[in-house]
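**Student:** one predicted model, sequence on top.
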Amino acid sequence: GEPARIENFVMVFKIATGDLTGLLDWIFEFLGGAPQWREEVRANGRTAGVPRLAPPVDPATAAVMETLRLEQSEFLYRRVAKTFELEGLTIPAGWILRLCVNESHRDPAVFEDPDRFDPGRFRRRAYGRSEYSPFGGHTHGCMGAHLAHFLGRLFVEELAIGYDWTVVRDGPCERGSRHRDHWRPSPAKRVAMRPLADAAAPPAPVG
């Protein structure tokens, strides 16, 4: 009925807002430690149209793709239809199986130096769905994937082209209390940020 539709819409909106906010938080986190990539985005300038997700990839989109690889990749839940064995373990029918996509993106056989933030890897080669799938698998992937890439690219470009910043305080990452929550950068982080037009001015601390 109508109440169920409204509740589903609110749930989708809340999850999408939280996930997109989390992506932007991590973009800010990683770009803060990669001034060379901020310079590359500035040199490339603003882009237009739908982000291209296979080489040649613009540097801002590459930064978004690498952020998704390291953080914010979705995990999948599947109910086991038939008992099976995996590496000596028996997985019974009826169990709920969680597929940890984010962990698969740190396979050194696929991603050289997998814990390093390196957007350039997406400019050097394309990755298949079995290697890189931050929005889930096949037809059950996130319906907002293209929007996340587009908004993420805009965020990277506006940050890198318009501002410079340094981290003045940081702390450990944190994770929410619910099973589906992603890790988040530390809420203790503080940065000193300034518009590039005012490069001669001292940076102003930001919240």
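**Tutor:** That came through, no problem.
**Student:** what helix or strand is Ala160 located in?
**Tutor:** helix 145-162 (DSSP states H and E).
**Student:** for the most centrally placed residue in the chain, report the pLDDT, please.
**Tutor:** In the chain, the residue lying closest to the centroid (Cα atoms, centre = their mean) is Leu68, at 2.8 Å. pLDDT for Leu68: 94.
**Student:** after the helix or strand containing it, which helix or strand is next?
**Tutor:** Assigned by DSSP H and E, Leu68 belongs to helix 59-70. Next helix or strand after helix 59-70 toward the C-terminus (DSSP H and E): strand 76-79.
**Student:** what's the next helix or strand after that following strand packed up against?
**Tutor:** Using DSSP H and E, the next helix or strand after strand 76-79 towards the C-terminus is strand 84-86. Strand 84-86 sits against strand 89-91, with contacts defined as 3 or more Cβ pairs under 8 Å, 6 or more residues apart in numbering; DSSP states H and E. Backbone N, C-alpha and C define where each C-beta goes, glycine included.
**Student:** quick check: mean pLDDT of the strand it packs on?
**Tutor:** 93.
**Student:** adjacent strands (with direction) for it?
**Tutor:** strand 84-86 (antiparallel) (DSSP bridges).
**Student:** report the helix or strand with the lowest average pLDDT across the protein.
**Tutor:** Lowest on mean pLDDT, DSSP states H and E among the helices and strands of the chain sits strand 204-206, with a mean of 49.
**Student:** buried ones in the longest helix along the chain?
**Tutor:** Criterion DSSP state H: the longest helix present in the chain is helix 2-32. Buried residues in helix 2-32, counted by 16 or more other Cβ atoms under 10 Å: 19-20, 22-32.
**Student:** nearest to Leu76, out of those: which one, please.
**Tutor:** Set against Leu76, the nearest of these by Cβ to Cβ is Asp19 (14.5 Å).
**Student:** list the contacts of that closest one.
**Tutor:** Applying Cβ atoms under 8 Å, 6 or more residues apart in numbering to Asp19 gives the contacts 72, 144, 148, 182.
**Student:** repeat that for 7 Å
**Tutor:** Gln72 (Cβ atoms under 7 Å, 6 or more residues apart in numbering).
**Student:** likewise for Gly32?
**Tutor:** Applying Cβ under 7 Å, 6+ apart, we find Gly32 in contact with 165, 167, 191.
**Student:** leaving out the residues flanking it, which one is nearest to Leu99?
**Tutor:** Nearest residue to Leu99, sequence neighbours excluded (Cβ to Cβ, 6 or more residues apart in numbering): Leu76, at 4.2 Å.
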